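*Asks:* sequence and predicted structure below; questions after.
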Amino acid sequence: MPIKVILADDHPGLRAGFCGILQGADDIDVIAETGDGRETVARAGELEPDVVVMDVAMPGINGVEATRAISETAPAVRVLALSGHNDGFFVKGMLEAGARGYLLKDVAIDELVDAVRTLADGRIYVSPSVTDTLTYSFLSTMSELNSSRDKQQQLLEEIQLKNRELERQNAELERFTYSVSHDLKTPLVTIKGFIGLLQRDLDADDRSAVAADIDKIARATDNLARQLDELLELSRVGRLVRPPVEIDLREMLAEVVAMLEDPIAASGTRVVIADDMPAARGDAGRVFEVFQNLISNAIKFRDGESRPRVEIGAELADGRVTCFVRDNGIGIESEYHERIFNLFERLDPHVEGTGIGLALAKRIVEFHEGRIWAESDGVGKGTTFWFTLPSGQA
């Protein structure tokens, strides 16, 4: 009897890649794929698989909550955590919830099949990479505890000399590292999975399937190239500085709309720009990118029922210009109002994009000592993005 597996991951590309890896094993059968935590719990109860391969970061309910629910409702089902986070907090959370294994996505290509077989055999599997990290963390902690009081005081004084900006940058770098480790693996896993399928289809002389496999591999390669280009652009913000200039926002927006003429026409979007736009000051090229990103998103995330409409305006108050881009599109639930600015955060993985645009917009606005935020009354209620810039009168 083959090992029955449910594969749960909210990234379609990762699911396809991991599925290809698992289906390449003669003794494993992927009986279902899910992209939502609640759906995974429901399918586990219905299908009673041997193993659920569970992404830790899942929409609906996360991997920890889903694993806990499966342990309570279907205790015979073994959960293998699959994560981009090599961090003791996530490992502890999943294992305490009932997971029987923990595997990192960046080594899943080589270890996934063995890990599934190990869990199906009733044993526990923790990736050696995770074990090494936890061991190193423990030894480092012990070393710090055993250090002299004088050294601890010296370290504390040095840390206190660091400013808050450095702390923010360190936190951002950590999130960046986790995100890159997780999401840049998506096209690589997709390519690996479809290479296996391509070999199968070549052996079967199925020309149409071979063409489809090659197309998907090419798409994954193009997506990886776009992600790398946008990450490079993100890293440049704040380093390649152009002198600040006074910006005629209405004139700039006319240029942005002209650049987006084709998607605006194809979607039938009506773009309305306020007449009375105050002057702002900053890096004109970077501010252009912010407007381009927000307007492009407003066009892409339309609800499909009413005619798309995008309103753009700005107002001057207390020496700052507050700009807005408002749409009547799909809207955003309140729990995602801040998360959407995280690197690689994508609410709808089926819509084309890399998940870097809003993170780039946030970096640009913060470089101008401003802030950016989103407001929405929920799904189907449209969204307004606000951001602040220095006044052109300053």
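*Replies:* Thanks, I have it.
*Asks:* rest of the way, CA atoms for contacts and neighbours
*Replies:* OK.
*Asks:* which residues of the stretch 51-200 of the chain score low on pLDDT?
*Replies:* For the stretch 51-200 of the chain, applying pLDDT under 70 flags the ranges 131-150, 152, 162-187, 190.
*Asks:* how about the strands in it?
*Replies:* 51-55, 78-83, 101-104, 125-126 (DSSP state E, counting those that start in this stretch).
*Asks:* dump these into CSV; add distance to residue 212 as well.
*Replies:* Formatted as CSV, these follow (distance: least, CA to CA, whole Å):
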stretch, distance to residue 212
strand 51-55, 26
strand 78-83, 28
strand 101-104, 29
strand 125-126, 35
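*Asks:* residue 202: which of these is closest?
*Replies:* strand 51-55 (28.6 Å; CA to CA).
*Asks:* ok, residues contacting the closest one?
*Replies:* 3-10, 44, 63, 67, 77-83, 116, 119-120 (CA atoms under 8 Å, 6 or more residues apart in numbering).
*Asks:* domain-wise, how is the chain divided?
*Replies:* 3-131, 149-236, 245-390 (automatic domain parsing).
*Asks:* just say which of the ones you listed is most tucked in.
*Replies:* Of all the domains of the chain, domain 3-131 carries the top mean neighbour count, a mean of 20, counting by mean count of other CA atoms under 10 Å.
*Asks:* so which of the strands of the stretch 51-200 of the chain comes closest to residue 273?
*Replies:* Distance to residue 273, taken as CA to CA, is lowest for strand 51-55 among these, at 42.4 Å.
*Asks:* what angle separates the closest one from strand 78-83?
*Replies:* 20 degrees (axes from the mean of the first three to the mean of the last three CA atoms, to 10 degrees).
*Asks:* tell me which strands strand 51-55 pairs with, and in which orientation.
*Replies:* Next to strand 51-55 in the sheet, as set by DSSP bridges, lie strand 3-8 (parallel), strand 78-83 (parallel).
*Asks:* what does the last one contact?
*Replies:* Contacts made with strand 78-83 from outside it, assessed by CA under 8 Å, 6+ apart, are listed as 50-57, 63, 67, 94, 98-105, 115-116, 119-120, 182.
*Asks:* for that strand, what is the distance to the chain centroid?
*Replies:* Offset of strand 78-83 from its chain centre (CA atoms, centre = their mean, to the nearest Å): 19 Å.
*Asks:* the first one now?
*Replies:* Computed by CA atoms, centre = their mean, the separation of strand 3-8 from the middle of its chain amounts to 23 Å.
*Asks:* put the alpha carbons of the next helix or strand after it into PDB.
*Replies:* Note on strand 3-8: by DSSP states H and E, the next helix or strand toward the C-terminus is helix 12-23. What follows is helix 12-23, C-alpha atoms only, in PDB (Å, rounded to 0.1, in the frame of the first residue of the first chain):
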ATOM      1  CA  PRO A  12       0.900  27.000  -5.700                       C
ATOM      2  CA  GLY A  13       4.400  26.900  -7.100                       C
ATOM      3  CA  LEU A  14       5.800  25.200  -4.000                       C
ATOM      4  CA  ARG A  15       2.900  22.700  -3.900                       C
ATOM      5  CA  ALA A  16       3.500  21.800  -7.500                       C
ATOM      6  CA  GLY A  17       7.200  21.300  -6.900                       C
ATOM      7  CA  PHE A  18       6.800  19.300  -3.700                       C
ATOM      8  CA  CYS A  19       4.000  17.200  -5.300                       C
ATOM      9  CA  GLY A  20       6.300  16.400  -8.200                       C
ATOM     10  CA  ILE A  21       9.000  15.300  -5.800                       C
ATOM     11  CA  LEU A  22       6.700  13.100  -3.800                       C
ATOM     12  CA  GLN A  23       4.900  11.600  -6.800                       C
END
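*Asks:* could you point out which element follows helix 12-23?
*Replies:* The helix or strand immediately downstream of helix 12-23 is strand 28-34, counting by DSSP H and E.
*Asks:* quick one: the next helix or strand after that following strand to chain centroid distance?
*Replies:* The helix or strand immediately downstream of strand 28-34 is helix 37-47, counting by DSSP H and E. Chain-centre distance of helix 37-47: 23 Å, with CA atoms, centre = their mean.
*Asks:* would you map the strands across the stretch 201-350 of the chain?
*Replies:* Counting by DSSP E, counting those that start in this stretch, the stretch 201-350 of the chain has strands at residues 245-247, 270-273, 280-282, 309-317, 320-327.
*Asks:* how about the ones you listed in TSV, adding distance to residue 264?
*Replies:* Listed next are these as TSV, based on distance: least, CA to CA, whole Å:
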stretch	distance to residue 264
strand 245-247	24
strand 270-273	8
strand 280-282	25
strand 309-317	10
strand 320-327	13
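*Asks:* using CSV, please lay out those together with distance to residue 36 and mean pLDDT.
*Replies:* Shown next, in CSV, are these (distance: least, CA to CA, whole Å; pLDDT from 0 to 100):
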stretch, distance to residue 36, mean pLDDT
strand 245-247, 44, 92
strand 270-273, 34, 94
strand 280-282, 42, 92
strand 309-317, 30, 93
strand 320-327, 27, 94
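*Asks:* out of those strands, nearest to residue 260?
*Replies:* Here strand 270-273 is closest among the strands of the stretch 201-350 of the chain (CA to CA), at 10.7 Å.
*Asks:* centre of the chain to the closest one, how far?
*Replies:* Using CA atoms, centre = their mean, the offset of strand 270-273 from its chain centre is 30 Å.
*Asks:* also stretch 318-335?
*Replies:* Centre-to-centre, stretch 318-335 and its host chain are 21 Å apart (CA atoms, centre = their mean).
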